[in-house]
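[1] I'd like to go over a predicted model; first the sequence, then the structure.
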Amino acid sequence: MAQTATLTIDGKTYELPIIVGTEGEKAIDITKLRDQTGLITYDPGFGNTGSCKSAITFIDGEKGILRYRGIPVEAFETNPNFVEVAYLLIFGHLPNAQEKLNFSERLTKNELLNESMKHHFEGFPVTAPPMAILSAMINTLSCYHHQFFELEDNDAFMEMAARLISKIRTIAAFSYRRSLGLPFIYPDPKLRYCANFLHMMFSLPYEQYYIEPEIEDAMNLLLILHADHEQNCSTSTVRIVESSEANCFASCAAGVCALWGRLHGGANEKVLEMLEKIHQGGITPEECIKMAKDKNSSFRLMGFGHRVYKNYDPRAKIIKTMVDKVLTKRKINDPLINIARRIEELALADSYFIDRKLYPNVDFYSGIMLRALGIPTNMFTVIFAMGRLPGWIAQWREQHMDSSMRIARPRQIYIGNNEMSFVPLEQR
Ligand code: ACO
């Protein structure tokens, strides 16, 4: 028999249905609450609110579990392939050989930007934050592809997804080249997804950048670890924008803006700034921990804590291992890694962090990883966005196909003035 929850207000009881997910998670269905009781729920930050039903990603924050379409994220550590994971998230299954080939061909076919888009890059100052450029350019794509605004047909949807996933990499690399005043390097159709990105970032005219297989694997794995994370801030933004029936380009451009903030994707940049500051002697790891605990300071230990994970973030665990491999392979002796390890050690032994279940999140080691790959700090969040894009597209599609979804429109508890009269200017 279906379970219900009983709510009593002013002596009157209401039965509310309980929904159970495939992993046993339960939610009280309050969709009829206001109609029946006149009351709404209050949940700033949505920490207790399920905004949708989704079959894409499962997280158990207490146990530190992350699965894409049921597959534990650790399964992608050997032979990581971002394109396969993108396909899995968006279309619900791992592609077979033919599906993978077709999708890869679509990515290659779509790798160039319309030549007129190059002039847009020139309109930005060289100091423009790459996240601003990325969001603007993804939105600009919608000016070129009106045919993808209505997407009921599967083939058209796949073409649109491939277009976005392929072009974001070109936009990201071009925004970097623009910031350095370097010529744009066109994508090479012979290269795979991540190798092609590294080529566009680092090759020079007549001087091809050599891509070591281990570095290509590391880039693939990094993107995979960022590919989806259920209803986080940027993904919820994408869904909210879609709920007004906005197109996928506009929705993902909004997702980029949400990701930009320092409490979300922008945290990896801030982690590096913090480690650099410690390295340059501005502050010791011990002082850093002390400041993070000080309730009179707005300082937070960047790369620590998570709304959902109350255990070690499984992505941080994987990146931590990968960092060691890449630093060894590239023979890099990065002093920041030792500082990061020291901070982690101090925090994990400190009752403030233990009591609040604050562990390293994906951003704690990803900055060091990106640095080892030669990626400059201001591009870190852009790489995160590249990785997260398949997740946004998958979530956009899931919602687009769900006929039960309504426009997102939260309510509020008004705490302003009661009705008052208008005072003419001369009497104020
Ligand atoms: N440093 C110090 N204290 C922290 C930290 C931190 N990094 N994170 C949480 N806390 C404390 C809070 O001050 C609060 O303490 P209190 O109970 O004494 O008031 C308690 O832990 C709970 O924190 P909340 O802010 O309620 O946690 P919330 O779920 O709202 O925030 C967030 C999660 C934003 C990730 C937070 O942990 C944070 O700011 N971390 C640093 C930024 C960061 O690394 N962001 C990346 C997140 S991963 C991602 O987006 C990809």
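    Cool, got the structure. Numbering: from 1, shown residues only.

[2] and residue 192, what does it touch?
    83, 104, 216 (CB atoms under 8 Å, 6 or more residues apart in numbering). Any C-beta I mention is one placed from the backbone N, CA and C, and that applies to glycine too.

[3] distance of it relative to residue 203?
    Distance from residue 192 to residue 203, counting by CB to CB, to the nearest Å: 15 Å.

[4] cool, and residue 276?
    Counting by CB to CB - residue 276 and residue 203 are separated by 28 Å.

[5] contacts only, for residue 379.
    By CB under 8 Å, 6+ apart, residue 379 lies in contact with 130, 172, 176, 370.

[6] let's go with 7 Å and repeat that
    130, 176 (CB atoms under 7 Å, 6 or more residues apart in numbering).

[7] about what we covered before: dump the contacts of residue 192 to CSV, plus secondary structure.
    Output for the contacts of residue 192, formatted as CSV (DSSP: H, G, I helix; E, B strand; the rest coil):
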residue, secondary structure
83, helix
104, helix
216, helix
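
[8] which one of the residues you listed sits closest to residue 24?
    residue 83 (32.4 Å; CB to CB).

[9] I'd like to know how far whichever residue of the stretch 51-200 of the chain sits closest to the ligand sits from residue 253.
    Using CB to the nearest ligand atom, residue 61 is the residue of the stretch 51-200 of the chain that sits closest to the ligand, at 10.1 Å. Between residue 61 and residue 253 the computed distance is 29 Å (CB to CB).

[10] the more surrounded of those two?
    Legend: neighbour count by other CB atoms under 10 Å for residue 61 and residue 253, higher for residue 253 (22 against 15).

[11] hang on, the earlier thing: so the residue of the stretch 51-200 of the chain closest to the ligand touches residue 312, yeah?
    No. If you go by CB atoms under 7 Å, residue 61 and residue 312 don't touch, sitting 10.7 Å apart.

[12] anything in contact with each of these two?
    Common neighbours of residue 61 and residue 312 (CB under 7 Å, 6+ apart) do not exist.

[13] around the ligand, pick out the residues from the stretch 151-300 of the chain.
    Selection of the stretch 151-300 of the chain residues close to the ligand by CB under 6 Å from any ligand atom yields 263, 264, 265, 267, 292, 300.

[14] helices - which of the residues you listed land there?
    267, 292 (DSSP state H).

[15] turn the residues of the stretch 151-300 of the chain next to the ligand into CSV, including pLDDT.
    Formatted as CSV, those follow (pLDDT from 0 to 100):
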residue, pLDDT
263, 91
264, 90
265, 91
267, 88
292, 95
300, 93
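
[16] out of the residues of the stretch 151-300 of the chain next to the ligand, who's nearest residue 332?
    Comparing those against residue 332 with CB to CB places residue 267 closest, at 22.5 Å.

[17] got a list of what the residue of the chain found nearest the ligand touches?
    Nearest to the ligand, among the residues of the chain, is residue 305, at 2.4 Å (CB to the nearest ligand atom). Applying CB under 7 Å, 6+ apart to residue 305 gives the contacts 358, 361.
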